[in-house]
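*Asks:* sequence? don't have it. structure:
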């Protein structure tokens, strides 16, 4: 069945460091791929998305490219800020069925 | 436009009791999905309701059930609570069109603690 595997955390980085959170997926067909972010005490918010192979999603300095050949959708940011501290979830969707990874906790220290 | 609202935000119950959680979707959204979030398992899909009908179901025991009303509001019920049911229960709404994907908008969740 469809599934998502993402890098386990927690991840701790210094401010302005480079961030990569790995995500790979297993799915039949051509799913859409997402990154969601969850700040403490809140629900999940959509961070970025890509709906077909080679699409690059981007938002707030974060980027991820839909790589069908490697079934990956790694999240990157060139310079993280303290305010980026949150839990990040990779997800795939076909239609209205979503599958989430287990989440990666990121802490950015000043 | 108001976001997804969930009530109550926090609940404390004891083993064997039952609980009902409520979710009001974004106006115009007719699909409501429920997820259980735990530290070890991440987000696990419970079920999805659309037009008052359950459309998809995750791998949870029959103690977990739900329903949707004509105004798209949804409730989920957990009977005979177990300690392992302690979790954050998230509700997400979407428009559920025929598009290849439908963005889900999440509520803040209901934190259930079973003692």
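*Replies:* Alright, I've got the coordinates. Remember, predicted model here, so these are calculated numbers, not experimental data.
*Asks:* mind checking pLDDT for residue 32?
*Replies:* Here I'm looking at chain A. According to the prediction, residue A:32 has pLDDT 91.
*Asks:* that's the wrong chain, I wanted chain B
*Replies:* 94.
*Asks:* for it, what are its contacts?
*Replies:* If you count contacts by C-beta atoms under 8 Å, 6 or more residues apart in numbering or on different chains, residue B:32 has them with B:23, B:25, B:48, B:49, B:50, B:68, B:72, B:73, B:74, B:91, B:92, B:93. All C-beta atoms are positioned from the backbone trio N, CA, C, and that covers glycine.
*Asks:* repeat that for 10 Å
*Replies:* Residues near residue B:32 by C-beta atoms under 10 Å, 6 or more residues apart in numbering or on different chains: B:4, B:23-26, B:47-50, B:66, B:68, B:72-76, B:91-94, B:96, B:104, B:107.
*Asks:* That one sits in which helix or strand?
*Replies:* strand B:31-38 (DSSP states H and E).
*Asks:* partner residues bridging residue 94?
*Replies:* Defaulting to chain A. Beta-bridge pairing for residue A:94 (DSSP bridges): residue A:97.
*Asks:* I was after chain B.
*Replies:* As for beta bridges, residue B:94 partners with residue B:31 under DSSP bridges.
*Asks:* Excluding chain neighbours, what is closest to residue 6?
*Replies:* Since no chain was named, I'll use chain A. residue A:101 (3.6 Å; C-beta to C-beta, 6 or more residues apart in numbering or on different chains).
*Asks:* that's the wrong chain, I wanted chain B
*Replies:* Residue nearest to residue B:6 in three dimensions, not counting chain neighbours: residue B:107, with 4.0 Å by C-beta to C-beta, 6+ apart.
*Asks:* any idea which helix or strand of chain A has the worst average confidence?
*Replies:* For chain A, counting by mean pLDDT, DSSP states H and E, strand A:97-100 ranks last in confidence among helices and strands (a mean of 86).
*Asks:* Against which helices or strands is it packed?
*Replies:* Helices and strands touching strand A:97-100, by 3 or more C-beta pairs under 10 Å, 6 or more residues apart in numbering or on different chains; DSSP states H and E, are strand A:3-6, strand A:32-38, strand A:86-94, strand B:31-38, strand B:42-50, strand B:53-57.
*Asks:* So which residues lie in contact with the last one, not counting its own?
*Replies:* Taking contacts as C-beta under 10 Å, 6+ apart, the residues outside strand B:53-57 that touch it are A:95-98, B:31, B:33, B:45-50, B:64-68, B:96.
*Asks:* Residue B:88 reaches residue B:44, doesn't it?
*Replies:* No. If you go by C-beta atoms under 10 Å, residue B:88 and residue B:44 don't touch, sitting 11.2 Å apart.
*Asks:* Quickly list what's touching both of the two.
*Replies:* Counting by C-beta under 10 Å, 6+ apart, the residues touching both residue B:88 and residue B:44 are B:35, B:36, B:37, B:38.
*Asks:* Mind jotting down where the strands sit in chain B?
*Replies:* Along chain B, counting by DSSP state E, strands occupy B:5-7, B:10-13, B:19-24, B:31-38, B:42-50, B:53-57, B:64-68, B:74-78, B:87-94, B:105-106, B:110-114.
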